[in-house]
Structures are given as structure tokens and as C-alpha cells.
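Trainee: Pasted the sequence and its predicted model underneath.
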Amino acid sequence: MSLGNLDELYREIVLDHYRTPRNRGELPVPPAVRVEGFNPLCGDEIALYVEVHDGVLTDIRLSGHGCSISQASSSLMSVAVKGRPLGEVRATIERFKAMMTVGETGADAAPSVADLRTMGELAALQGVAQFPVRIKCATLAWNTLTQALDEAAPSA
Amino acid sequence: MTSFNPRRVRADVPLLGRVINDRPITYLDSASSTVPPRAVIEAMDRYYSLRHANVHRGVYQTANEATDVYEGTRADVARFIGAPGGADEIVFTKNTTESFNLIARSWGAANLRAGDVVLVTEMEHHANIVPWFQLRETTGIEVRFIPVGDDFRLDLSEIDRLLDGVRLLSLTLVSNVLGTRNPVAALAARAHERGALVAVDAAQGVAHDVTDVTQLGADFLCFSAHKMLGPTGLGVLWARRELLEAMPPFLGGGGMIADVRRDGFTPADGPAKFEAGTPPIAETAGLRAAIRYLESLGLSDVAAYEHGLTERALARLDGEFAGRVRVIGPATALDRGGVLSLDVAGVHPHDVAQVLDQFGVCVRPGHHCAKPLMRRFGLAATARASFGPYSIDEDVDVLIDALRHAVAMFS
Ligand SMILES: Cc1ncc(COP(=O)(O)O)c(C=O)c1O
């Protein structure tokens, strides 16, 4: 049987990152900074470790627990931002959040095909925007990353 | 077999005719809120169409009729729970939560001093925990917990010691997470021997079995209309008459006074003392219809039916998933209500509920406002399925089929 738009939510890449999360673990603090994120709705909790050197996010680790969407989103995020200059990381955060607001603001705000292409595997989370209650699950790691960057490199 | 027929109840509940994601709705969230039969909806409609007016002190016909609805429901509630002192012992509140806040802020603040103990259980809803913590901040009382054992029942091995210094034992009749039905009458007797009073959270009890405050040995009883086929926005606090008479008012304003002068006020007598402002009136019309509906079903028949339904569901969940789906609650239906909190290995409750929704199955993921209990079992959340008098074996069939998909999808 078809599970309808459930297949849009639980894409194979999403399930893969849920089952086998990348960059799990911790980093010594300092030099890393550690920031916690919390989603009271489903009890998702993450602890995010980032290390920044010379304007580059050199390393990232995640620990905690949560639903498939929050876990997959944090895993996909860690892959997308690791080793990137902070400017690029911040731009990726913005693009990801824009992708998540489509459900709320309508198709006009939808990222173009070109935009989605630049998002790589992150585009697999696009379907989440159709499930308003799950958007917070997907954005938890990203909001926590913003916080971590503000702490690790306040001026960047 | 009894004459109780859940299919007749289903036919009476319009919402159960809905189609969700191209499938007939499978409503398994009655522990959160029950869905009302037409009789309840129509009673409220009729009230607004024909009788609506503010209650009390009205002279004209509809005002008298509205007052009759409101006060008549009070009498029906008193009969429904066997209140020995009748309607004067029934206070209308917003919900169970407000009823507990009323006990804490009125009786608690007036009677409890630093060091006095309020004994609750580890399986309480936050509604019966947080008001006591709030009172602790202002009075220095101690809030103590009866632990829950690995069998998902109260661990009473230390109960004598736990009852030391207790002024109030406040506990749930049926857990909204585990389904456990607590031995309230026996515990109330122990508490009374030690000079304590007993408050009972009957939110998960009133729609599923006969409730009798005297048999329970309760001094206070709290419940919500929306968990007994009635409307949202209306709850009940029952308390023994002499307790209510001695308790100071809760909220202040119109309706709760006998007199107001420039130098102060005199509170009203009776339940009105605790009912400040215009109350939910249409909702009492709904509650009255709900009570009559439940009485017409026969609540001991409903209890026997739900017992069998729960027993079969527990056996099937145990049999179908080879341990992959764990029920967080007693394994048999003995002293247990129809609440099935599921922990599916490798699938987060939020994802379970999401997949189930695709099948039209309504279950609730989360901590169910019982975080101390969830912590006790090392869980952040469960996916909870729960029954009402309209639940049937086919609901369990659909649930199990949908759970199979959830398990397959994430393995
Ligand atoms: C056992 C129990 N107590 C209290 C409550 C609170 O009820 P309400 O939200 O209607 O105040 C609930 C329901 O959520 C419950 O299940």
C-alpha cells in the first residue's frame, strides 16, 4: 500500500541518517564549545559541540536523543557544515530554515530547483515542511548551531 | 455478556464517522479527551438556542431556565459520584487541573504549615504535582512521593514510613500513562488512621467505571467533563461539606460574594464561594447529558467491557511483535484501565504517532504530563493508545496493522 506523503517525510536518506547518525559524540571543551538544544514537544534533546579555527568550522559532534526527523536533521547538518568557512555555514543555516518555512508561507517562498541542488542531501528534509508539527524537530539542531556559532565566534 | 453495546455508542458519536487520510478514523486518544455523543452536542446546542442567559439573580424566564440547567447539573454530578452531602458539595471548575489548584490554594494554604507533608505518587499527572510544589514555595510544606515499582504499580513496602507527618494523601485513581488502577480505598483507610485527608484524581476513572466517593474513602475528588464524553472547559471538585464550608474562597470577583463593602467582602455560602465570575453554563448542559448518557450505558457494564477489550489488546500486542513493542504498564488487565503506553524499539513515539496518523489512527506521543513517571522508567516519551466506551477490537486491529508498518519502516 502507499503511505502517501509519509514517504515524502521519511525519505531513504533521512532514515539512513537516523539509523546511522554521522558525527555522533563529544569534543573536549575547550577548545570546542558545547550548546544544548531542547524541544519540549517531543522531549528531543541534543548537545552540540563545535570547534572553530580561523573562521572555519573545523569539527562538529552531536549527542542526545530524539525522533527520526531531529536525529536525521542534525546528522545531515553536521555533514553539510563540517570543514566549511563560517560565512558558508551561516548561509546554509539560512537556506535550510527557508526550506522549512515553505509550509507556512506557501509555495512562493519555496526554494528554486537551483537552490535545492546546492543543498545536496539536505534537500531530503524538504518534505518536513508539509508537516507543520515536525518542523521544530527538523530545525532544533540548526537553531542550536546558530547559538553555538554565536558563542564560538561572536564576531563572525 | 452484558447488554452493553459499543457499536451503539459509536453510532451516537459523530466524530467517529470521520475519514482521515482516506481511512475511517480510529480514535485511540480517550485518555486525552473523549469524543462526545450527539446527545451532549445537542444539549449544548439546545441550551444556546433556547435558554441562554447568565445564571443566578435573573428574574426572567430564560435566566431561570439557565440557572436550572446549571444547578440541576450540580445535583446530577452529586448523584453520579455518590456525594453524601448532595449538590452543595459540588464545585464547578475549569478542569481537573483547576480543581487541584483550588484544593492547594484554598484548603492547602489555610491548613498546611512548614514541614507538613503532602504525599503524592510517582505516577501523578503534573496537575497533582505542580500545585503542591507551588504551595511548597510559599509555605515550606514537604511534597513526598510514593514510588512506582517495576511492575508499574505503587510500591507500598514503605507506606507506613511514607505516611509519617502526612496531612494530605493526593493520588490518582487510574494512571493516565500506565493504566494502573490504584488501591485508593485501602490507602485512604491507612491515611485516615494517621489523621490525613485524601484527595483523588478521578480524571481517568469517571467515564470507565462507577465512581463512589464514599467507597473510595475520598475527602476531595477531581475530574474533567471532557474525559467523560462531555465538553471542554468544565471540571468538578467534590469535597466533603464541612471541608468546603471551612475553606477560604479561591478566585475573587462576582458570584462568589455575599456582600461587598468599601472595607471588605463576605464570601458566599456553598459552592458559589469558589465560582467567581460567569461560569461555563452551556458546558454544564453538556455534562448533564454526558452523565445521563453514561448512566444509560451502565458504567459497571462499560467497565467489564473495557476490561475484556484491554485484556485482548494486551495479549495481542504481546504476541504480534516478539518483544519489539513494549507496553509500559501492568501486563494484565487486572486492576487496570484501557490505557496502553507503547514503547516501540528503535522508533521514536513521535514517529510512531506520525505513521499511525497515516492510517487514521489517533494516538498521543509524549510525556503525557507525567514527567517524574517517565524519568522513573528512563523514557522521554511513549505513544499512548487509550480506550473509551466506543472502542472496539477492530480499533486494535487497525492499531496493530499500523504499528507493523511503523516497525517495518524504521528497521
Ligand atoms: C490523571 C489525570 N489527571 C489530570 C489531568 C488533567 O486534566 P485537565 O487537563 O482536564 O485539567 C489528566 C488529563 O490530562 C489526567 O489524565
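Mentor: Nice, I can see it. Numbers count the residues shown, from 1 in each chain, chains lettered A, B, ... in the order given.
Trainee: Please enumerate the helices of the stretch 51-200 of chain B.
Mentor: B:61-80, B:96-102, B:109-111, B:130-139, B:159-162, B:184-193 (DSSP state H, counting those that start in this stretch).
Trainee: do the same with chain A
Mentor: Secondary structure of chain A by DSSP state H: the helices cover A:6-9, A:12-19, A:68-81, A:86-100, A:102-105, A:113-118, A:132-152.
Trainee: same check, this time on the stretch 251-400 of chain B
Mentor: Going by DSSP H, counting those that start in this stretch, the stretch 251-400 of chain B shows helices at B:282-297, B:299-320, B:349-358, B:371-376, B:393-410.
Trainee: In the longest one, which residues are buried?
Mentor: Along helix B:299-320, these residues count as buried under the neighbour rule (16 or more other C-beta atoms under 10 Å in any protein chain shown): B:L299, B:D301, B:V302, B:A303, B:Y305, B:E306, B:H307, B:L309, B:T310, B:A313, B:L314, B:L317. In short, each C-beta sits where N, CA and C put it, glycine included.
Trainee: Verify the stated contact: the last one with B:I400.
Mentor: Yes - counting by C-beta atoms under 8 Å, a contact exists between B:L317 and B:I400, whose distance comes to 7.1 Å.
Trainee: Contact partners for A:Q147?
Mentor: A:V35, A:G37 (C-beta atoms under 8 Å, 6 or more residues apart in numbering or on different chains).
Trainee: Against A:L9, how distant is it?
Mentor: 26 Å (C-beta to C-beta, to the nearest Å).
Trainee: do the same with A:E36
Mentor: From A:E36 to A:L9 the distance is 26 Å (C-beta to C-beta).
Trainee: OK, contacts around residue 18?
Mentor: If you meant another chain, say so; for now it's chain A. A:Y18 neighbours (C-beta under 8 Å, 6+ apart): A:S68, A:Q71, A:A72, A:S75, B:F410.
Trainee: looking at chain B here, not the other one
Mentor: B:P24, B:I25.
Trainee: same deal with B:R136?
Mentor: By C-beta under 8 Å, 6+ apart, the contact set of B:R136 is B:E142, B:V143.
Trainee: shaky segments in the chain?
Mentor: You didn't say which chain, so I picked chain A. A:1-4, A:102-118, A:155-156 (pLDDT under 70).
Trainee: that answer is for a different chain, and I need it for chain B
Mentor: Residues of chain B that meet the cut-off, pLDDT under 70, sit at B:1-2.
Trainee: ok, which residues in it are in contact with the ligand?
Mentor: B:31, B:95-97, B:125, B:127, B:172, B:176, B:201, B:203-204, B:224, B:369 (C-beta under 6 Å from any ligand atom).
Trainee: got a markdown table for the residues you listed, with neighbour count too?
Mentor: What follows is the residues of chain B next to the ligand, written out as a markdown table (neighbours: other C-beta atoms under 10 Å in any protein chain shown):
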| residue | neighbour count |
| --- | --- |
| B:A31 | 28 |
| B:N95 | 21 |
| B:T96 | 26 |
| B:T97 | 21 |
| B:H125 | 21 |
| B:A127 | 23 |
| B:T172 | 29 |
| B:N176 | 27 |
| B:D201 | 29 |
| B:A203 | 27 |
| B:Q204 | 28 |
| B:S224 | 29 |
| B:C369 | 18 |
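Trainee: Which members of those residues are positioned in strands?
Mentor: B:T172, B:D201, B:S224 (DSSP state E).
Trainee: Pull the contacting residues for the residue nearest to the first one when sequence neighbours are not counted.
Mentor: Nearest-residue entry for B:T172: B:D201, 4.1 Å, with adjacent residues in sequence omitted and distances by C-beta to C-beta, 6 or more residues apart in numbering or on different chains. Neighbour list for B:D201: B:T96, B:F100, B:E124, B:H125, B:A127, B:N128, B:S170, B:L171, B:T172, B:L173, B:C222, B:F223 [criterion: C-beta under 8 Å, 6+ apart].
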